[in-house]
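A.B. asks: Okay, predicted coordinates and the sequence, questions at the end:
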Amino acid sequence: MEQRSLPLRLGFLGGGVMAEAIIRGIIEKKLVDASSVTVYDVVESRLDLFQKMGVGTCKNSFEILHADVIVLAVKPDVVSEALKSIKDGWKPEKHLLVSICAGVSIGTIEQQLVSKSRVIRVMPNTPCLVGEAAVAFSCGSCATTDDQKVVEKIFSSVGLASCVPEKLLDAVTGVSGSGPAYVYMFIEALADGGVLNGLPRDVSLSLATQTVLGAAKMVASGNEHPAKLRNAVESPGGTTIHGTSTLEKHNFRTAVIQAVTAATNRAKELGGSK
Amino acid sequence: MEQRSLPLKLGFLGGGVMAEAIIRGIIEKKLVDPSSVTVYDVVESRLDLFQKMGVGTCKNSFEILHADVIVLAVKPDVVSEALKSIKDGWKPEKHLLVSICAGVSIGTIEQQLVSKSRVIRVMPNTPCLVGEAAVAFSCGSCATTDDQKVVEKIFSSVGLASCVPEKLLDAVTGVSGSGPAYVYMFIEALADGGVLNGLPRDVSLSLATQTVLGAAKMVASGNEHPAKLRNAVESPGGTTIHGTSTLEKHNFRTAVIQAVTAATNRAKELGGSK
């Protein structure tokens, strides 16, 4: 891992949960110095949090423009306001805009900046914080191959990143953007199952968490289809096939698939209203 | 990680999926040399597989008794036969029996060996293979504290291991023994959701897998309750709460809890018939 391998200044418009996750990740992996990052937010306590990390802060969004890479990390409903506040200082030859706002299209951003703005839209997720993000991003027409590499570098330092056509980003939101929450619920329910059957809560939660971690690593580490991995542990008439058959009976897969669709559709709605 | 930190000979009665996972794990972590492990199995191709790893093999179960730690890794329905085949050579002062047979009680094993036999019963899971097993074990009345440490060492080298009262092991089976299969199904369904909404299969599966891995690591790495982590990513009216509410609508948690109960009950049935 190269030290300080990103010789660019980063500015974050918005210092919420996701911005924090990315910033912590890239600092942890020594991609940037804390001091080369600046955060703008309206909430004082958020600025305090970043200051404690050695990250720069500003109370005026216009000040963020000293950075080369501006990460748009505000809630979707205040995107227009945020872009308006920096539009006058936007320099396409200097600035790259990286948006992590769910459902906000590249076209929407380009329209609200200036002509020839370089824009890349990213759908990351919060496991940035532990270096295991699932990330997909799409490049606007003026973004260069170097811009793409910068984004790949930033997000590969905190997980797995790949470039996809923009039209797929709402579905990416449904799978990996919102997906961690489905997993947290799964882990909780798995632990509840253990408690229902007599395990103390702490033992059950620890086993449930480790089970999900280990199983995901099994899929990630090999080239086996998850169905094949599942079949390998379903002994005839054994405990596992009783468990998985019960999942089928309760339409477990449907629940997950419909959740992805609901989140995807909401991403489209949020995008459509901008 | 100490080199060769287990100066004992290990023998495996049965060389199936689980035995292979444990053997690969402890060799990978350099806890033992392949040459200090011997496997007995009735299937020639399994013996070939182990020989290719540099592990010793034998075609007569009685030969396994040269080892200090004997791992009972046969299917539950042939446990009696396996124990009968080694009973005459069993020396409680030399031998420790470590059983990974789902649903087979310590008492059942002790009855079929000799008086004062040292027995530890373990419920591991297949992510041993990637060093991320979720393991719980229980000690028989004659097992010593050193025996417990040996088992902790073996299974900590391939994941997280904890000692629990034996009466909890059926529920452990339901959560972490069979749990990986629930996760494989979850990953498949999450990927299906992505494909339904337009993602190519390979992109969707990669994002789904990484999402589960990252989310589990988030829970494992911090001290936050999974529900708190979930709430942190459920923006008001956003994509995630639409997704998780859909899971609730489809009784997702019920499916998981019932699966644990079904697997636990099957473990009890399998154990009761011995």
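C.D. replies: Nice, I can see it.

A.B. asks: For chain A, which segments are assigned as strands?
C.D. replies: Assigned by DSSP state E, chain A shows strands spanning A:10-13, A:37-40, A:56-58, A:69-72, A:96-99, A:118-123, A:133-139, A:159-163.

A.B. asks: OK, contacts around the closest residue to chain B within the stretch 1-150 of chain A?
C.D. replies: Scanning the stretch 1-150 of chain A for the residue nearest chain B gives A:Pro127, at 2.8 Å (criterion: Cβ to the nearest Cβ). (C-beta placed from N, C-alpha, C; glycine too.) Counting by Cβ atoms under 8 Å, 6 or more residues apart in numbering or on different chains, A:Pro127 touches A:21, A:133-134, A:159, A:180, B:211, B:213-215, B:217-218.

A.B. asks: Recalculate using a threshold of 7 Å.
C.D. replies: A:Pro127 makes contact with A:133, A:159, A:180, B:214-215, B:217-218, according to Cβ atoms under 7 Å, 6 or more residues apart in numbering or on different chains.

A.B. asks: Can you give me the first-to-last residue distance of stretch A:159-176?
C.D. replies: Start-to-end span of stretch A:159-176 (Cα to Cα, to the nearest Å) is 12 Å.

A.B. asks: Distance from it to the middle of the chain?
C.D. replies: Mean-position distance between stretch A:159-176 and its chain equals 10 Å (Cα atoms, centre = their mean, to the nearest Å).

A.B. asks: residues of that stretch that come out buried?
C.D. replies: A:159-162, A:164, A:168-176 (16 or more other Cβ atoms under 10 Å in any protein chain shown).

A.B. asks: tell me, which of those residues make contact with chain B?
C.D. replies: For chain B, the contacts drawn from the buried residues of stretch A:159-176 by Cβ under 7 Å from any Cβ of the partner chain are A:159-160, A:162, A:164, A:168, A:171-176.

A.B. asks: Low-confidence bits of the stretch 1-150 of chain A, can you list those?
C.D. replies: A:1-4 (pLDDT under 70).

A.B. asks: what are the ranges of the helices in it?
C.D. replies: A:17-28, A:44-52, A:79-87, A:106-112, A:145-156 (DSSP state H, counting those that start in this stretch).

A.B. asks: looking at the ones you listed, which is buried most?
C.D. replies: Mean neighbour counts were taken over the helices of the stretch 1-150 of chain A using mean count of other Cβ atoms under 10 Å in any protein chain shown, and the top value, a mean of 21, falls to helix A:17-28.

A.B. asks: quick one, that helix and strand A:118-123 angle?
C.D. replies: 100 degrees (axes from the mean of the first three to the mean of the last three Cα atoms, to 10 degrees).

A.B. asks: Now find how far off-centre helix A:17-28 is within its chain.
C.D. replies: For helix A:17-28, the distance to the chain centre is 10 Å (Cα atoms, centre = their mean).

A.B. asks: can you tell if that helix touches chain B?
C.D. replies: Yes - contact of helix A:17-28 with chain B (Cβ under 7 Å from any Cβ) involves A:Val17.

A.B. asks: Kindly report the same for stretch A:38-53.
C.D. replies: No - judged by Cβ under 7 Å from any Cβ, stretch A:38-53 and chain B are separated, with a smallest distance of 13.9 Å.

A.B. asks: how long is that stretch from one end to the other?
C.D. replies: This stretch, stretch A:38-53, spans 11 Å end to end (Cα to Cα).

A.B. asks: which residues does A:Asp41 contact?
C.D. replies: Here A:Asp41 is in contact with A:14-15, A:47 (criterion: Cβ under 7 Å, 6+ apart).

A.B. asks: so what's the backbone phi/psi at it?
C.D. replies: When quoted as degrees, to the nearest 10, the phi and psi of A:Asp41 stand at phi -150, psi 160.

A.B. asks: Local confidence estimate at the residue lying farthest from the centre of chain A?
C.D. replies: Most distant from the centre of chain A: A:Gly237, at 40.4 Å, with distances by Cα atoms, centre = their mean. A:Gly237 is assigned a pLDDT of 93 by the prediction.

A.B. asks: Torsion angles phi and psi at it?
C.D. replies: According to degrees, to the nearest 10, A:Gly237 has phi 70, psi 10.

A.B. asks: hmm, who's touching stretch A:48-67?
C.D. replies: For stretch A:48-67, the external contacting residues (Cβ under 7 Å, 6+ apart) are A:9-11, A:13, A:15, A:23, A:34-35, A:37-40, A:47, A:70, A:82, A:85-86, A:89.

A.B. asks: Type out the ChimeraX command that picks the buried ones from these.
C.D. replies: In ChimeraX, this line selects whichever of these come out buried by 16+ other Cβ under 10 Å:
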select /A:9,10,11,13,15,23,37,38,39,40,47,70,82,85,86
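
A.B. asks: Could you work out the end-to-end span of stretch A:169-188 for me?
C.D. replies: End-to-end for stretch A:169-188, by Cα to Cα: 28 Å.

A.B. asks: same question for it, mean pLDDT?
C.D. replies: Mean per-residue pLDDT for stretch A:169-188: 97.

A.B. asks: didn't A:Pro76 look like it was pressed against A:Ser105?
C.D. replies: No - when contacts are counted by Cβ atoms under 7 Å, A:Pro76 is not listed as touching A:Ser105 (10.8 Å).

A.B. asks: State the distance from the residue of the stretch 1-150 of chain A closest to chain B to A:Gly159.
C.D. replies: As judged by Cβ to Cβ, to the nearest Å, A:Pro127 and A:Gly159 stand 7 Å apart.

A.B. asks: cool, A:Glu93 as well?
C.D. replies: 30 Å.

A.B. asks: Is chain B within reach of stretch A:212-221?
C.D. replies: Yes - with Cβ under 7 Å from any Cβ as the criterion, chain B is reached by stretch A:212-221 at A:212-221.

A.B. asks: Stretch A:231-238 close to chain B?
C.D. replies: Yes - using Cβ under 7 Å from any Cβ, we find that stretch A:231-238 touches chain B at A:232-235, A:238.

A.B. asks: neighbour-wise, which of those leads?
C.D. replies: Comparing these by number of neighbours (other Cβ atoms under 10 Å in any protein chain shown), A:Val233 comes first, having 24 neighbours.

A.B. asks: contacting residues for it?
C.D. replies: Contacts of A:Val233 (Cβ under 7 Å, 6+ apart): A:240, B:17, B:126, B:180-181.
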